[in-house]
Every structure is written in structure tokens, then in C-alpha cells.
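Enquirer: please find the sequence and the predicted model below.
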Amino acid sequence: MNLNLAHALLVAAEGKPYGVLKVRCGDLVREVEQMAAAGLVEASLENVDNEAYAVINRVTDSGHSFLRAFKDQSPPLAELVSNEH
């Protein structure tokens, strides 16, 4: 798991209404899958029209702990994730 990317995805999910974040980029979908396996998020992984996408449904308590651990850091990939749909 890429810690900077995981942090950026968690921040982006927290910034969305109801904490729901949809991603379609293959690398981001794989990252969400790893984050779900690590218990940082609850996520749905789908494949529609041969395009993989993931939806972060909720940031878990462990995800919030991860965010608190890095609260004073601004990962360089935050802009990349915030521009994803």
C-alpha cells in the first residue's frame, strides 16, 4: 500500500458528502482494495462495461486513526485524488 496515496484517498473521502468517494483509475481502485483489506475503509469494488471502479463507502475507525497519525502532513498526491470522479 502506498501510504501517501492511501492518505490522499482518506482525506478525499472525508471531504465528500456522506464520506462516499468513487474512483475509476486502475491504480486507485487497487489502492482502495488494499485499504479495505487493511481495514482502513469499507468499500465496494465493481466492474461495469469492463471498467473497474471502487466506492469508498465509509472510513473506519482505523482509517480515522491513520488520518490522525499523519494530520500535520500534506501528501503530494492529494491534488491527483481530489480531481478523480
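Expert: On my side now, so go ahead.

Enquirer: pull the distance from stretch 52-68 to the chain's centre.
Expert: Distance, stretch centre to chain centre, for stretch 52-68: 6 Å (Cα atoms, centre = their mean, to the nearest Å).

Enquirer: from here on, count from 167
Expert: Shifting the count to begin at 167 puts that one at stretch 218-234.

Enquirer: buried sites along it?
Expert: Neighbour-count burial for stretch 218-234 flags Ala218, Tyr219, Ala220, Val221, Ile222, Val225, Thr226, Gly229, Phe232, Leu233 (criterion: 16 or more other Cβ atoms under 10 Å). C-beta: built from backbone N, CA, C; applies to glycine.

Enquirer: same thing with stretch 175-190?
Expert: Those would be Leu175, Leu176, Val177, Ala178, Ala179, Gly185, Leu187, Lys188, Val189, for stretch 175-190 by 16+ other Cβ under 10 Å.

Enquirer: dump that stretch to CSV, restricted to CA.
Expert: C-alpha atoms of stretch 175-190 as CSV (Å, rounded to 0.1, in the frame of the first residue of the first chain):
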residue,chain,number,x,y,z
LEU,A,175,-7.8,8.9,-0.6
LEU,A,176,-8.9,9.0,3.0
VAL,A,177,-8.7,12.8,3.0
ALA,A,178,-10.7,12.9,-0.2
ALA,A,179,-13.3,10.5,1.2
GLU,A,180,-13.7,12.6,4.3
GLY,A,181,-14.2,15.7,2.2
LYS,A,182,-17.1,14.2,0.3
PRO,A,183,-20.8,14.4,1.4
TYR,A,184,-21.6,11.4,3.5
GLY,A,185,-17.9,10.2,3.1
VAL,A,186,-18.6,8.4,-0.2
LEU,A,187,-15.8,8.6,-2.8
LYS,A,188,-15.9,6.9,-6.2
VAL,A,189,-12.7,6.2,-8.1
ARG,A,190,-12.1,4.7,-11.6
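
Enquirer: quick check, Leu175 in contact with Gly185.
Expert: No - contact criterion Cβ atoms under 8 Å: Leu175 and Gly185 do not qualify, at 11.7 Å.

Enquirer: done for today, thanks.
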